[in-house]
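1. model the structure of this input:
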Amino acid sequence: MTALPKPVRQRTLPAAIVTMATSALVLCATVTTAPPAAAQPPPPAGTTTTTPPFSTPNTDACPHREVPPPAIDLSEVPRPGETAPAPVPVPADPVGGDALGACGLVTAPGTPPLPADISATGWTVSDLDTGEVLAAKDPHGRYRPASTIKVLLALVALDELDLDTTVTADATAAHMEGSSAGLGVGGTYTNLQLMQGLVLRSGNDTAQALAEQLGGEQATIDKMNAKAAALGALDTRTASVSGLDGPGMSTSPYDLALFFRAALANPVFRQLISTHEVLFPGHPADPAIPDDKPVDPYPIYNDNQLLANYPGALGGKTGYTDDARQTFVGAAERDGRRLAVTLTAADVRPIRPWEQVARLLDYGYALPPGTSVGTLVDGPPAVAPSTVAVAGPDTSGPGGMDLASGSDLPNKEVAARVAVGLVGTGVVVGLLAWARALSRRRRRH
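-> Take a look at the predicted model:
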């Protein structure tokens, strides 16, 4: 049997641009005001240095009310000639109830303390059957969805596509950046198999193949945004079909709960997220790649650890990008009660995202039925809400300061951040934005 598909091909910038950008970064490093580590005075004799204790990012001051935390890469820089879209308007009346307009913790009176070690900056716990929101943190805060937006793509695809239709993968789909189910040029797949690759392996390649049948990438983005609006998800703007970050990308823990609840009403989606393993089609050798080999059918596995480790788990969807950090939606059933949890801007420390979901599910099941701080709406407001004015991009707040993260599949940590001075920032962004027209560098789980 032939080996599994080759890793996703990486795109590189022209050498001259890389050299200029590197020189600019070096120049920036020379103008930072912080002294080098060696210049710091040693601690007094007899003292012990320790790592600061973990603390969940504080959102009480609404640092992400209008826009997500600041980006740490150039994935959201508009292409040359384009401008960044204005922030998604903030409804004057919080969708789902007044209590959900709070930005910090939202819990019902008399409920027990929340579980420890929840690193997610925003989250919700909701009842899938009654629509009650049991507890939340910054439920309408603006965050990036990463691959959890594939739930919204799945809703659109299940509405419009025949799952028995067979398609042939082209180079655009097969060579998509980021996570992949392993489509190969010339390989044939049913739409059901593309949906399996989308949900089980978070395939950006399968997302692209589905989008090509829905009218192309931009048409599919428009349909996803229309679907979000129809569900009453007013914090969401999709900028890619796969969850790759892009200009104006935005969602909220509340909106993700709306998408997940709507998707779980579809029996095909319920089957997809509860599937542990399927045999995925192979494909012929790619004629554009010298010495490429054909690939035999191979198994793909569900990347959601909640499904494998939490009793009663119904399934869910993972997500990660450098800017979004860890995102997650997951659900379970216990004693006839179905609860769901959504996470945004989470870390893999002190526990992994699926473990945070498990603890919040346990918390929800410990609450008496009828506990509620708000509701998941069944559609948009009858009258379009007025909006509050929004300022420029958010550049402050705890969520924008702690950017350590890692993928929920490979256990990777972002080890360091480069501090760039104001003078150097303009040089680097200018060079790399120009290069972006040739090769967009976006990373995504």
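2. ok, the nearest residue to residue 249 once chain neighbours are set aside - how many residues close by?
-> Among residues not flanking residue 249 along the chain, residue 239 sits closest, at 4.0 Å (C-beta to C-beta, 6 or more residues apart in numbering). Where you see a C-beta, it was placed from the backbone N, CA and C, and this is true even at glycine. Using other C-beta atoms under 10 Å, residue 239 has 21 neighbouring residues.
3. got it, and residue 283?
-> By other C-beta under 10 Å, the residues close to residue 283 number 23.
4. isn't it right up against residue 184?
-> Yes - contact between residue 283 and residue 184 holds when scored by C-beta atoms under 8 Å: they sit 2.8 Å apart.
5. before we move on, the earlier item: can you pull the contacts of the residue nearest to residue 249?
-> 76, 221, 245, 246, 247, 248, 249 (C-beta atoms under 8 Å, 6 or more residues apart in numbering).
6. mind redoing it with 10 Å?
-> 75-76, 85, 144-145, 149, 221, 224-225, 245-250 (C-beta atoms under 10 Å, 6 or more residues apart in numbering).
7. of these, which belong to helices?
-> 221, 224, 225 (DSSP state H).
8. can you map out the helices along the stretch 201-350 of the chain?
-> 204-213, 217-230, 253-264, 267-273, 305-309 (DSSP state H, counting those that start in this stretch).
9. so how far is the first one off the chain centroid?
-> Using C-alpha atoms, centre = their mean, to the nearest Å, the mean C-alpha position of helix 204-213 is found 17 Å from that of the whole chain.
10. check the average confidence over that helix, would you?
-> Average pLDDT, helix 204-213: 98.
11. now for the residue nearest the centre of the chain: which residues touch it?
-> Central residue of the chain (C-alpha atoms, centre = their mean): residue 146, 1.9 Å from the mean position. Listed by C-beta under 10 Å, 6+ apart, the contact set of residue 146 reads 178, 202, 242-245, 249, 251, 317-328, 344-345, 407-408, 444-445.
12. give me the buried subset of these.
-> By neighbour count, with 16 or more other C-beta atoms under 10 Å, those hold 178, 202, 242-245, 249, 251, 317-328, 344-345, 407-408, 444-445 as buried.
13. hey, what's the nearest residue to the residue nearest to the centre of the chain once chain neighbours are set aside bridged with?
-> Closest residue to residue 146 apart from its sequence neighbours, by C-beta to C-beta, 6+ apart: residue 319 at 3.2 Å. Judged by DSSP bridges, the bridge partners of residue 319 are residue 327.
14. I figured residue 319 hits residue 330, correct?
-> No - using C-beta atoms under 10 Å, residue 319 makes no contact with residue 330, being 11.4 Å away.
15. any residues in contact with both of those two?
-> Joint contacts of residue 319 and residue 330 (C-beta under 10 Å, 6+ apart) are 343, 353.
16. per-residue confidence for residue 150?
-> pLDDT, residue 150: 98.
17. and the closest residue to it other than its chain neighbours, what element?
-> Of all residues not flanking residue 150 in the chain, residue 198 sits nearest, at 5.7 Å (C-beta to C-beta, 6+ apart). Taking DSSP states H and E as the definition, residue 198 sits inside helix 191-200.
18. name the helices or strands packed onto that helix?
-> Contact here means 3 or more C-beta pairs under 10 Å, 6 or more residues apart in numbering; DSSP states H and E; on that basis helix 191-200 packs against helix 150-160, strand 166-168, strand 188-190, helix 204-213, helix 267-273, strand 277-280, strand 298-301, strand 313-321.
19. tell me which of the ones you listed lies nearest to residue 374.
-> helix 150-160 (20.4 Å; C-beta to C-beta).
20. using CSV, list the CA coordinates for that closest one.
-> Only the C-alpha atoms of helix 150-160 are listed here, as CSV (Å, rounded to 0.1, in the frame of the first residue of the first chain):
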residue,chain,number,x,y,z
LYS,A,150,-16.5,24.9,9.3
VAL,A,151,-19.7,24.2,11.2
LEU,A,152,-21.3,27.2,9.4
LEU,A,153,-19.9,25.9,6.1
ALA,A,154,-21.4,22.5,6.8
LEU,A,155,-24.8,24.1,7.4
VAL,A,156,-24.6,25.7,4.0
ALA,A,157,-23.3,22.6,2.2
LEU,A,158,-26.0,20.3,3.8
ASP,A,159,-28.7,22.8,2.7
GLU,A,160,-27.5,22.9,-1.0
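21. ok, and for that helix, which residues are buried?
-> 150, 151, 152, 153, 154, 155, 156, 157, 158.
22. for that helix, the distance to its chain's centre please.
-> The answer for helix 150-160 is 16 Å, by C-alpha atoms, centre = their mean.
23. so that helix versus helix 191-200, what angle?
-> 160 degrees (axes from the mean of the first three to the mean of the last three C-alpha atoms, to 10 degrees).
24. buried sites along stretch 360-371?
-> 360, 361, 363, 364, 367, 371.
25. and which of the residues you listed is nearest residue 189?
-> Distances from residue 189 to the buried residues of stretch 360-371, taken by C-beta to C-beta, are shortest for residue 361, at 33.8 Å.
26. who's in contact with the closest one?
-> Per C-beta under 10 Å, 6+ apart, neighbours of residue 361: 115, 125, 306, 310, 312-313, 330-332, 334, 339-341.
27. in strands, which of these appear?
-> Residues of the contacts of residue 361 located in strands (DSSP state E): 125, 313, 330, 331, 332, 334, 339, 340, 341.
28. hmm, which two among those are most spread apart?
-> 125 and 313 (14.9 Å).
29. so if I had to pick from those two, which one is more boxed in?
-> When residue 125 and residue 313 are compared on other C-beta under 10 Å, the one with more neighbours turns out to be residue 125, at 27 against 23.
30. this completes my enquiry, with thanks.
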